[in-house]
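Peer 1: Next come a sequence and a model predicted from it.
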Amino acid sequence: MSVLLRGVLVYGEQPATDVLIDDGLIAAIGTDLDAGDAEVVDASGQILLPGFVDLHTHLREPGREDTETIESGSAAAALGGYTAVFAMANTDPVADSVVITDHVWRRGQEVGLVDVHPVGAVTVGLGGKQLAEMATMASGIGKVKMFSDDGKCVDDPLIMRRALEYSSSLGVLIAQHAEEPRLTVGAVAHEGPTAARLGLAGWPRAAEESIVARDALLARDAGARVHICHASTAGTVELLKWARGQGISISAEVTPHHLLLDDSRLETYDAVNKVNPPLREASDVEALRKGLADGTVDCVATDHAPHAEQDKCCEFSQARPGMLGLETALSIVAQTMVEPGLLDWRGVARVMSERPAAIVGLADQGRPIEIGEIANLTLVDPDASWTVEGKKFASISENTPFETMSFAARVTTTLLRGRITARDGAVRATTEA
Ligand SMILES: NC(=O)N[C@@H](CC(=O)O)C(=O)O
Ligand SMILES: [Zn+2]
Ligand SMILES: [Zn+2]
């Protein structure tokens, strides 16, 4: 099985070249390569990047297969340019045991469109009281590398401290949903003038920042690493800078929606814009973009959060928080970071593939585009110009805040270990290869 990519710009750089992929590896890079019996992808002017890695995806299996499954979420991921995703543990039942984490990994491999790495829960049932059996999950078939109670904060400082100590002896990563719950009781929107005017209960920046600061100190003392999920405030960016300056091992992600949207979106009371942490102010968006550009914020993660129509199309305070992300992430990063000149395409490779792979320790992802390397690759058309329509997504759910927005760039093709998993809007199941 071989594939010839014709006329691509590797990392967006001139001159255009051909890339031949054979037997899962990059076999040749050069001009006018002989196609032989390879499938030819005419990709002139398209940008070749390492396959994207999403450290933060919700796939809802087991428990809410009416909103997303490992199969539908894998399709969304492949179409979005992803070759690896980390499926969060807040399923039903919670992924706090090796039975669930191994199921997630096995099912992902069966579907074969993207490597679905299970995230294990830090505490039993996301209850925040008792540590889950992290070592058992880490040594299962799913080889859990990341643990998170995402959806909930590990708010008890003693439990968090023990989790960090335990994680560093296991060599795994703890990812924290930074939200001090005492400061967000009943909160549904960013605490600020917009929420005050609209009569929505506010989620203050300090609820996030106080946990980021606390966990940086706990990681320092435990000699451990900590990863901050969905950073949303300018203050978090400042705290990350400070912590790095102290030599603390801290990493952080930002979502595409926090790079593009702010709380002015709430005017319509449409709960499609309700998310945790909430959409903040324009000054936060600006700080997050700058932080991502200068490396203070390590990477982009989608926090792809599918929800059923009945859980979104209701009173704002009752609606579930979260929005889709996998199929729009690259387009938004291109618009918010590449177009204004904050990142070049090499920078996109860094924040969407290389850094996330390094943070979680995936050896086969985020690799350089060189002969002999594993062909986990993504092709981007910078001039595709398309309009978002939720009902056309591979995701079962349709809760996108980007509905009717138009974007210039789009993923056209994804290859997982040399096999085309998505091309021109359609996925290819393993059996068709
Ligand atoms: N981001 C969200 O608003 N929702 C996530 C949970 C989470 O990421 O905190 C979900 O599971 O729906
Ligand atoms: Zn979260
Ligand atoms: Zn999440």
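Peer 2: Perfect, thanks for sending it. Numbers count the residues shown, from 1 in each chain. Ligands and ions are numbered 1, 2, ... in the order given.
Peer 1: Going by C-alpha atoms from here, please, whenever you check contacts or count neighbours.
Peer 2: Fine.
Peer 1: and the residue lying closest to A308 once chain neighbours are set aside, how many neighbours does it have?
Peer 2: Spatial nearest neighbour of A308, excluding adjacent residues (C-alpha to C-alpha, 6 or more residues apart in numbering): T67 at 5.5 Å. Neighbourhood size, T67 [other C-alpha atoms under 10 Å]: 20.
Peer 1: Check which helix or strand T67 maps to.
Peer 2: Remark: T67 resides in no helix or strand, with elements defined by DSSP states H and E.
Peer 1: Contacts only, for it.
Peer 2: Counting by C-alpha atoms under 8 Å, 6 or more residues apart in numbering, T67 touches R60, P306, H307, A308, S395, I396, S397.
Peer 1: Same list (those) but as CSV, adding secondary structure and distance to E354.
Peer 2: CSV is the format used below for these (DSSP: H, G, I helix; E, B strand; the rest coil; distance: C-alpha to C-alpha, whole Å):
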residue, secondary structure, distance to E354
R60, coil, 26
P306, coil, 26
H307, coil, 29
A308, coil, 33
S395, coil, 25
I396, coil, 29
S397, coil, 29
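Peer 1: pLDDT score for M1?
Peer 2: Turning to M1, the model gives it a pLDDT of 85.
Peer 1: oh, and call the first residue 48 from now on, that's how I've got it
Peer 2: Yep, numbering from 48; the last one is M48 now.
Peer 1: pretty sure it is touching A85, no?
Peer 2: Yes - using C-alpha atoms under 8 Å, M48 is in contact with A85, at 7.0 Å.
Peer 1: of those two, who's got more company?
Peer 2: Ranked by neighbour count (other C-alpha under 10 Å), M48 and A85 place A85 first, with 15 against 12.
Peer 1: Any figure for the gap between S144 and ligand 1?
Peer 2: 18 Å (C-alpha to the nearest ligand atom, to the nearest Å).
Peer 1: Give me the pLDDT value at the nearest residue to that residue once chain neighbours are set aside.
Peer 2: Distance criterion C-alpha to C-alpha, 6+ apart; nearest residue to S144, sequence neighbours excluded, is M184 at 6.3 Å. Looking at M184, its pLDDT stands at 98.
Peer 1: I'd like to know how far M184 sits from ligand 2.
Peer 2: 21 Å (C-alpha to the ion, to the nearest Å).
Peer 1: and that residue, how many residues sit next to it?
Peer 2: Counted with other C-alpha under 10 Å, M184 comes out at 27.
Peer 1: before we move on, what about P62?
Peer 2: 11.
Peer 1: list the contacts for it?
Peer 2: Applying C-alpha under 8 Å, 6+ apart to P62 gives the contacts L56.
Peer 1: Which of the three states applies to it?
Peer 2: coil (DSSP: H, G, I helix; E, B strand; the rest coil).
Peer 1: ok, which stretches of the stretch 148-297 of the chain are helices?
Peer 2: Along the stretch 148-297 of the chain, counting by DSSP state H, counting those that start in this stretch, helices occupy 181-185, 204-217, 240-245, 252-269, 281-292.
Peer 1: Just the residues contacting the third one, thanks.
Peer 2: Applying C-alpha under 8 Å, 6+ apart, the external contacts of helix 240-245 come out as A236, A248, G249, D310, S311, L313, E314.
Peer 1: Let's see that with 7 Å instead.
Peer 2: Residues from elsewhere that reach helix 240-245 (C-alpha atoms under 7 Å, 6 or more residues apart in numbering): A236, A248, G249, D310, S311.
Peer 1: next one: the last one
Peer 2: Residues outside helix 281-292 that contact it (C-alpha under 7 Å, 6+ apart): E256, V259, A260, A263, I297, D331, A334, L335, G338, T343, V344.
Peer 1: Tabulate the CA atom coordinates of stretch 400-408 in PDB.
Peer 2: Taking Å, rounded to 0.1, in the frame of the first residue of the first chain, the C-alpha atoms of stretch 400-408 are listed here in PDB:
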ATOM      1  CA  SER A 400       1.300  17.900  16.900                       C
ATOM      2  CA  GLU A 401       4.900  18.100  18.200                       C
ATOM      3  CA  ARG A 402       4.300  19.600  21.600                       C
ATOM      4  CA  PRO A 403       1.200  17.600  22.500                       C
ATOM      5  CA  ALA A 404       3.000  14.400  21.500                       C
ATOM      6  CA  ALA A 405       6.000  15.300  23.700                       C
ATOM      7  CA  ILE A 406       3.900  16.400  26.700                       C
ATOM      8  CA  VAL A 407       2.200  13.100  26.900                       C
ATOM      9  CA  GLY A 408       5.100  11.000  25.700                       C
END
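Peer 1: State the mean pLDDT of it.
Peer 2: For stretch 400-408, the per-residue pLDDT averages 99.
Peer 1: From the chain's centroid, how far away is it?
Peer 2: 11 Å (C-alpha atoms, centre = their mean, to the nearest Å).
Peer 1: do stretch 134-147 as well
Peer 2: 18 Å.
Peer 1: and that stretch, C-alpha only, in PDB?
Peer 2: Extracted in PDB, the C-alpha atoms of stretch 134-147 (Å, rounded to 0.1, in the frame of the first residue of the first chain):
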ATOM      1  CA  ALA A 134     -10.500  10.400  25.200                       C
ATOM      2  CA  MET A 135     -11.400  12.000  28.500                       C
ATOM      3  CA  ALA A 136     -12.600   9.800  31.500                       C
ATOM      4  CA  ASN A 137     -15.900  11.500  32.200                       C
ATOM      5  CA  THR A 138     -17.900   8.800  30.600                       C
ATOM      6  CA  ASP A 139     -20.700   6.700  32.200                       C
ATOM      7  CA  PRO A 140     -19.300   4.500  33.800                       C
ATOM      8  CA  VAL A 141     -16.300   6.700  34.400                       C
ATOM      9  CA  ALA A 142     -13.000   5.500  33.000                       C
ATOM     10  CA  ASP A 143     -11.500   4.800  36.400                       C
ATOM     11  CA  SER A 144     -10.700   1.200  35.800                       C
ATOM     12  CA  VAL A 145      -8.600  -0.800  33.400                       C
ATOM     13  CA  VAL A 146     -11.800  -2.500  32.100                       C
ATOM     14  CA  ILE A 147     -13.000   0.800  30.600                       C
END
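Peer 1: close to ligand 2, is that stretch?
Peer 2: No - remark: stretch 134-147 sits outside contact range of ligand 2, by C-alpha under 5 Å from the ion, the gap being at least 9.3 Å.
Peer 1: Repeat that for stretch 298-311.
Peer 2: No - against ligand 2, stretch 298-311 shows no contacts by C-alpha under 5 Å from the ion, the least distance being 10.7 Å.
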